[in-house]
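A.B. asks: Sequence and computational prediction follow.
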Amino acid sequence: MSRFIATALMAACGAGIALGATPEAQLAQAPVDADTWIIVSMAAQHGQVKRWAAADGTRWSRQSLLLRGFKTEIDQQIKFGANGAMLSLAVRGTVPQGDATETYRVEGAKYSYRTPVDAGEGGARDNLYYIAFGGTLDARIALFDALRKTPDGSIDLAPSGRLTLEKLTTTEASSGRVTRTMTAYAVTGIGFAPIIAWYDGDRFFGTVSSLSYVPEGWRSAVPALSKAQEDALAARAPEQLAKLAPKLTGAIAFTNVKLYDAEARKFLNGMTVVAADGRIAAVGPAASTAAPTGARVIDGTGKTLIPGLWDSHQHYGGDSEGSLLLSQGITSVRDPGNRPDELMARKKRIDDGLLLGTRIVPSLLVDGAGKLSAQSAVVVRTEDEAIAAVRRAKDEGFFGVKLYGSLKPAFVAPMAEEAHRLGLRVHGHIPAGMRPIDAVQAGYDEITHGNFVMMQAMPDAVVKESNGMQRFLGPAQYGFGLDLKSAALASYFDELARRGTAIDPTLAVLETTLSGKRGELAKAYAPFAGTLPSIVERGARNGGVTPPPQLVREMLLKSFGKLKAIVGELHKRGVPIVAGTDGPGIMLVRDLELYVEAGMSPADALATATIVPARLFGVGDETGSLSVGKKAELALIDGDPSKGIGDLRYVEIVMRDGRVMKADDLRMVVGISGAPKRTNGP
């Protein structure tokens, strides 16, 4: 499963059976001899997929998934022609966003399809395969199998796109006394990053990621397969780094630019900035700041130079993540939870100059045991284990610890005390049963997600179960009626300000969750319409909450409006706000647009993605502003974000680690076909 699809599942939630969806009891039941894949993470097993063939040759599959409270129950049938081409696909059941019904069929020389978010038709032809919007694992297996049979390892996709396959590596994997030689193939064209499909001979074996799909009984093979594919991808990285991001020789001067002064939170016209040896060498008025002899000169007339942006909530998804983030002008991220060994190895390769990527400030994700445990978390069951996890974070070089919703509230204070003793930052979700002020008083330095900030004002019944769907449904149901000027909330906001507690609101993803409408492109993605990989753009039309009966869409919109207003109230009080996506980096600027809508100036909004996180995360002396002596981490913007913060999307050039990169080149390698469209946004 791609990171985007997994994120969509985590970010959305539904309630009950959507109108028109096939109830779970009516879905197909697998025979006892069906092929079975389990769905696993570091923390637990989350579900399974079963596949079998009917007497008429129809290939059936049944998938069940319970991921942090979000439930998927679907079945699927595929019919193939004599030549192996897919003649039809049908999906039934429910996913977190609602009805999963999807159909595809070929009739004569035509194909047609209908999904929960789109529909269309076209001309059927050889080497054209349908890429399902949803469906079970078997929908992907059908594509992988087809790719392996083509002479050049490529197929065209309906409704659009193209897949390519290349052999990546081989390795041995074991389950008990059984050892097999597995082959990994990199499949490019489904999302921003390749999907790695493992085969046992000619038979599909599984995929390994934050959520892994492997045959029943083979969970123990996941670490070996993960290491093999990461090592193979790492071996390819230096070549791409040299091609996309050559080291700068000599100085570079950006002349006649509008400069964002992050320290002063203001924009300065007619400026020149000189960088040399990876650092800022000079900053001053263009009329009196000359470019050094022999420097590369870039005329920035009509353009804006900004410090490299921060995404303070970026679960770094893989080696390809660097190109995507840098293409958006993002040069630093705070990773608030990932598979620890893989993350730290990737960070080291970036730091050592072997992989194209951003600065990573990592946190170790720690959660309690249970069906809602975070899939990339270190799971702890006792206070001793919890304290040991904090010490592990320090020993392995993490900057902080992120605490999660299934953690026992009694563990928070001793964990925070130990973390602070060791110099670590403490942030995260609010464990079920706690209110945010309880977590802050127990030692939180920062609250993650605006809905958890709002949890302070939720009824006891919501707070008690404030994990899984309730972390969204509670604020959705009660948030619209909150009086943000009430004495209780004003006192709460004031205490956050007095303590200097930071907030990581992730408004853009919450906007989709609470107000996204199925079939409509999420606002964070709208400027990229027509440029994204097909399945990414279709996924961005999946919408958000399927409201329970007591909620109507107008309530959801108003509740999101209150979340946005809370950010405005906190900003007025001087509470530190850090911008973050909890999704692909292309969402970051939408977060800043929402901050402006909440009352921030463009200069203050831009500070949440530059100097504020740089200082909070301990690197303010090195980055976060374009000041002499700091690292030359910057982005040249073809626009004026002082007048329209959305202009930050129009990245032209990025610098980091002494390398100069063209945003167009970076976009291309992750499957984005062009620059974002111009908008008239805030």
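C.D. replies: Noted; the coordinates are in hand. Just so it is clear, the model here is predicted, and its values are computed rather than measured.

A.B. asks: quick one: the strands in the stretch 101-250 of the chain?
C.D. replies: For the stretch 101-250 of the chain, the strands defined by DSSP state E, counting those that start in this stretch cover 102-107, 110-114, 119-123, 128-130, 154-158, 162-175, 178-188, 195-200, 203-207, 212-215.

A.B. asks: Which strands and helices lie in contact with the last one?
C.D. replies: Put plainly, it is strand 212-215. Packing contacts for strand 212-215, counted by 3 or more C-beta pairs under 8 Å, 6 or more residues apart in numbering; DSSP states H and E, involve strand 35-40, strand 203-207, helix 222-244. (Each C-beta comes from the backbone N, C-alpha and C, glycine too.)

A.B. asks: domains in the chain, as residue ranges please.
C.D. replies: 3-218, 308-621 (automatic domain parsing).

A.B. asks: returning to what we had before: for the helices and strands packed on strand 212-215, give me JSON lines that also has distance to Val257 and mean neighbour count.
C.D. replies: As requested, the helices and strands packed on strand 212-215 are exported to JSON lines (distance: least, C-beta to C-beta, whole Å; neighbours: other C-beta atoms under 10 Å):
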{"stretch": "strand 35-40", "distance to Val257": "49", "mean neighbour count": "20"}
{"stretch": "strand 203-207", "distance to Val257": "45", "mean neighbour count": "21"}
{"stretch": "helix 222-244", "distance to Val257": "23", "mean neighbour count": "17"}
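
A.B. asks: and these, which one's lowest on average pLDDT?
C.D. replies: Set side by side, the helices and strands packed on strand 212-215 give their lowest mean pLDDT on helix 222-244, at a mean of 93.

A.B. asks: For my notes, please list the domains of the chain in JSON lines and give distance to Ser288 for each entry.
C.D. replies: Output for the domains of the chain, formatted as JSON lines (distance: least, C-beta to C-beta, whole Å):
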{"stretch": "domain 3-218", "distance to Ser288": "43"}
{"stretch": "domain 308-621", "distance to Ser288": "24"}
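
A.B. asks: Give me the number of neighbouring residues for the residue nearest to Phe204 when sequence neighbours are not counted.
C.D. replies: Leaving aside its sequence neighbours, Phe204 sits nearest to Ile141 (C-beta to C-beta, 6 or more residues apart in numbering; 4.9 Å). The local packing of Ile141 (other C-beta atoms under 10 Å) involves 22 other residues.

A.B. asks: just so I know, which of the strands of the stretch 101-250 of the chain lies nearest Val660?
C.D. replies: strand 178-188 (25.8 Å; C-beta to C-beta).

A.B. asks: Next, format the strands of the stretch 101-250 of the chain as CSV and append distance to Lys464.
C.D. replies: Shown next, in CSV, are those (distance: least, C-beta to C-beta, whole Å):
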stretch, distance to Lys464
strand 102-107, 37
strand 110-114, 41
strand 119-123, 42
strand 128-130, 45
strand 154-158, 46
strand 162-175, 41
strand 178-188, 44
strand 195-200, 39
strand 203-207, 37
strand 212-215, 32
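
A.B. asks: quick one: Lys348 and Leu354, what's the gap?
C.D. replies: Lys348 is 8 Å from Leu354, where distance means C-beta to C-beta, to the nearest Å.

A.B. asks: contacts for stretch 466-474?
C.D. replies: The contact list for stretch 466-474 (C-beta atoms under 8 Å, 6 or more residues apart in numbering) reads 13-15, 68-70, 372, 405-406, 429-434, 449, 451-452, 455, 458-459, 462-463, 513-514, 545, 548, 551.

A.B. asks: Now with 6 Å, please.
C.D. replies: Cys13, Arg68, Gly69, Leu372, Gly405, Ala432, Asn451, Met455, Met458, Val462, Thr513 (C-beta atoms under 6 Å, 6 or more residues apart in numbering).

A.B. asks: can you check stretch 221-237 too?
C.D. replies: Here stretch 221-237 has contacts from Leu168, Thr169, Thr171, Ala173, Ser175, Ala184, Ile196, Trp198, Val208, Ser212, Asp319, Leu355, using C-beta under 6 Å, 6+ apart.

A.B. asks: separation between the closest residue to Lys517 other than its chain neighbours and Pro96?
C.D. replies: Of all residues not flanking Lys517 in the chain, Gly543 sits nearest, at 5.4 Å (C-beta to C-beta, 6+ apart). Applying C-beta to C-beta, the value for Gly543 to Pro96 is 10 Å.

A.B. asks: which of these two has more neighbours?
C.D. replies: Pro96 (25 against 22).

A.B. asks: Could you check the pLDDT of that one?
C.D. replies: So Pro96 comes in at 85 (pLDDT).

A.B. asks: Test my guess that it contacts Phe70.
C.D. replies: Yes: Pro96 is within contact range of Phe70, at 4.1 Å (criterion: C-beta atoms under 6 Å).

A.B. asks: Switch the helices and strands packed on strand 212-215 over to JSON lines; also include distance to Arg359.
C.D. replies: JSON lines is the format used below for the helices and strands packed on strand 212-215 (distance: least, C-beta to C-beta, whole Å):
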{"stretch": "strand 35-40", "distance to Arg359": "31"}
{"stretch": "strand 203-207", "distance to Arg359": "29"}
{"stretch": "helix 222-244", "distance to Arg359": "15"}
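
A.B. asks: Indicate which one of the ones you listed is closest to Ser112.
C.D. replies: strand 203-207 (27.4 Å).

A.B. asks: tell me what the closest one is packed against?
C.D. replies: Judged by 3 or more C-beta pairs under 6 Å, 6 or more residues apart in numbering; DSSP states H and E, strand 203-207 is in contact with strand 195-200, strand 212-215.

A.B. asks: So which of those is nearest Thr610?
C.D. replies: strand 195-200 (33.4 Å).
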